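Undergrad: Okay, here's the prediction I keep looking at, along with the sequence it came from:
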Amino acid sequence: MGRTPAARSSALPVELGANLDDAFASEVALRLPRLLGATTRLTDGSDDAAQEILSDTHALASSAAVVGEDLAAYAARECEQMLTAFVHPGQGASRPDAAARIAGAVDALRWALSRWTDTVAPRNHFPRPVVGRR
């Protein structure tokens, strides 16, 4: 599955692998807090947060794949797919249900990235929206 930050592919020079890891760690440090904030806004009913989540999950998915973090890449791609149900509510779950599912997927992504961060928020970081309310 995924690599730890210290693990290296034998095909990459050690210095290049370390540079990729440093760049990814910086990207996680920048994007993950912003992603968590946008997800909280989404579960609170802010529809405009969906685009920010989409942008950050897309970037993290691609970067995670480059450094071999397969689980994080998969979790980020799942977030992207769930946003379709939110942006196009007639094609799936209700907006509150979709927001709750997106929050769960972001929580899974946060855990998949935990070895790249200094701290990890407690599980179930995001409150579940009340279905039928906005």
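TA: Yep, that arrived.
Undergrad: Buried residues, the longest helix along the chain. List them.
TA: When the chain is parsed with DSSP state H, its longest helix is helix 14-43. By 16 or more other C-beta atoms under 10 Å, the buried positions in helix 14-43 come out as 17, 20-21, 24-25, 27-28, 31-32, 35-36, 38-43. Quick note: C-beta positions are derived from backbone N, CA and C, even for glycine.
Undergrad: which strands and helices sit next to it?
TA: helix 49-66, helix 95-112 (3 or more C-beta pairs under 8 Å, 6 or more residues apart in numbering; DSSP states H and E).
Undergrad: Format those as JSON lines; extra columns: mean neighbour count and mean pLDDT.
TA: Shown next, in JSON lines, are the helices and strands packed on helix 14-43 (neighbours: other C-beta atoms under 10 Å; pLDDT from 0 to 100):
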{"stretch": "helix 49-66", "mean neighbour count": "19", "mean pLDDT": "92"}
{"stretch": "helix 95-112", "mean neighbour count": "22", "mean pLDDT": "88"}
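Undergrad: Out of those helices, flag the one nearest residue 75.
TA: Ranking the helices and strands packed on helix 14-43 by proximity to residue 75 (C-beta to C-beta) places helix 95-112 first, at 4.0 Å.
Undergrad: and the helices and strands packed on helix 14-43 as CSV, adding distance to residue 79?
TA: Shown next, in CSV, are the helices and strands packed on helix 14-43 (distance: least, C-beta to C-beta, whole Å):
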stretch, distance to residue 79
helix 49-66, 4
helix 95-112, 4
